[in-house]
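J.: Fold the following for me, if possible:
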Amino acid sequence: MRTFVFRWLGPIAILVLLVAVWEIAVRVNDIPKWQLPTPTDIATAFREDHALLWEHTRVTLREVLLGFACALVAGVVVGIAIDASRVLERAIYPLIIASQTIPMVALAPLLLIWFGYGLAPKVIVAALVCFFPIAVNTVDGLRDADREMLAMLRSMGASGWQRFRLVKIPAALPSLFTGARIAIAFAVIGAVFGELVGASAGLGYLMERSAAQFQTARVFAAILILSLMGVGLFALVATIERIALPWRRFITDADRS
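T.: As a prediction, the model looks like this:
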């Protein structure tokens, strides 16, 4: 309990202090609400526009989850293929690295032309930004498998699938979850970026429309929702990791001590 209090007391105190300074500074300097709203103005926007915010939050959350799911499947499959074949590694790995040099600001408008203003472009953008950390961490995890254990199983007549299931999958899971935690945060950014390029719904679209109408408090409300969404999804993946890999918690605690 004491550890929990010390872990969260500092960040909460700093956050409260920053919000108080923000509120006082805006009021003292008489800054217009359309230019910089106070925290209380943002809270009012939450209360008055909660239905509108929730409607667009559902759209963005669906894009994030679908993009992440597509990237997770594709990243794991590609990672396994690269680990299994040197030929595929030489053919695919350089392309994966090169794909990260393509600016999303140039690719997103093309996706909009090809797939329209619907769900698909946003899911694709979210999946593309998620794919790299998942694929690379999967490859690294598979390659970290204990070579002596693999050799022992091979000498005992274990099949390739048995060696993969008993040694490589457990070895790869920690790295895979690390990539997944990074990717789920990137997914939120990717989905919003796709919405800003062109959309008819979603928090990115709502932010763009609200900014054009000088509804700055609503823009800040949407930004806060996106931040909470990213933190919440990150925490969800971390919780799943703790459940799926309970031994990792004890190893981490032992390292810290």
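J.: what ranges do the helices span in the stretch 1-150 of the chain?
T.: Taking DSSP state H, counting those that start in this stretch as the criterion, the stretch 1-150 of the chain contains helices spanning 2-28, 39-48, 50-84, 86-99, 104-115, 119-143, 147-155.
J.: Just the pLDDT for residue 112.
T.: Here, the pLDDT recorded for residue 112 equals 79.
J.: repeat for residue 256
T.: With respect to pLDDT, residue 256 scores 47.
J.: from now on call the first residue 52
T.: All right, first residue 52 from here; so that's residue 307.
J.: where does the stretch 102-251 of the chain dip in pLDDT?
T.: Within the stretch 102-251 of the chain, no stretch falls below the threshold (pLDDT under 70).
J.: quick revisit: which of the helices of the stretch 52-201 of the chain is buried the deepest?
T.: Greatest average neighbour count among these goes to helix 170-194 (a mean of 24), per mean count of other Cβ atoms under 10 Å. Glycine gets a C-beta too; all of them are placed from N, C-alpha and C.
J.: tilt between that helix and helix 155-166?
T.: Here helix 170-194 runs at an angle of 120 degrees relative to helix 155-166 (axes from the mean of the first three to the mean of the last three Cα atoms, to 10 degrees).
J.: quick check: angle from helix 170-194 to helix 101-135?
T.: Taking the same axes, to 10 degrees, one finds helix 170-194 and helix 101-135 inclined to each other by 40 degrees.
J.: per the record, what domains does the chain have?
T.: Residue ranges for the domains of the chain, per automatic domain parsing: 52-80, 89-307.
J.: avg pLDDT for the first one?
T.: Averaging pLDDT along domain 52-80 gives 77.
J.: And for residue 100, the neighbour number?
T.: Counted with other Cβ atoms under 10 Å, the neighbours of residue 100 add up to 19.
J.: Setting the sequence-adjacent residues aside, check what's closest to it.
T.: residue 269 (5.7 Å; Cβ to Cβ, 6 or more residues apart in numbering).
J.: OK, contacts around the one you found?
T.: 96, 100, 104, 257-258, 261 (Cβ atoms under 8 Å, 6 or more residues apart in numbering).
J.: before we move on, back to that, which stretch among the helices of the stretch 52-201 of the chain comes nearest residue 235?
T.: Proximity of the helices of the stretch 52-201 of the chain to residue 235 was assessed by Cβ to Cβ; the nearest stretch is helix 101-135, lying at 5.6 Å.
J.: what packs against that closest one?
T.: On a contact count with 3 or more Cβ pairs under 8 Å, 6 or more residues apart in numbering; DSSP states H and E, helix 101-135 meets helix 137-150, helix 170-194, helix 220-248, helix 254-263, helix 267-295.
J.: Since that was my last question, I'll sign off now.
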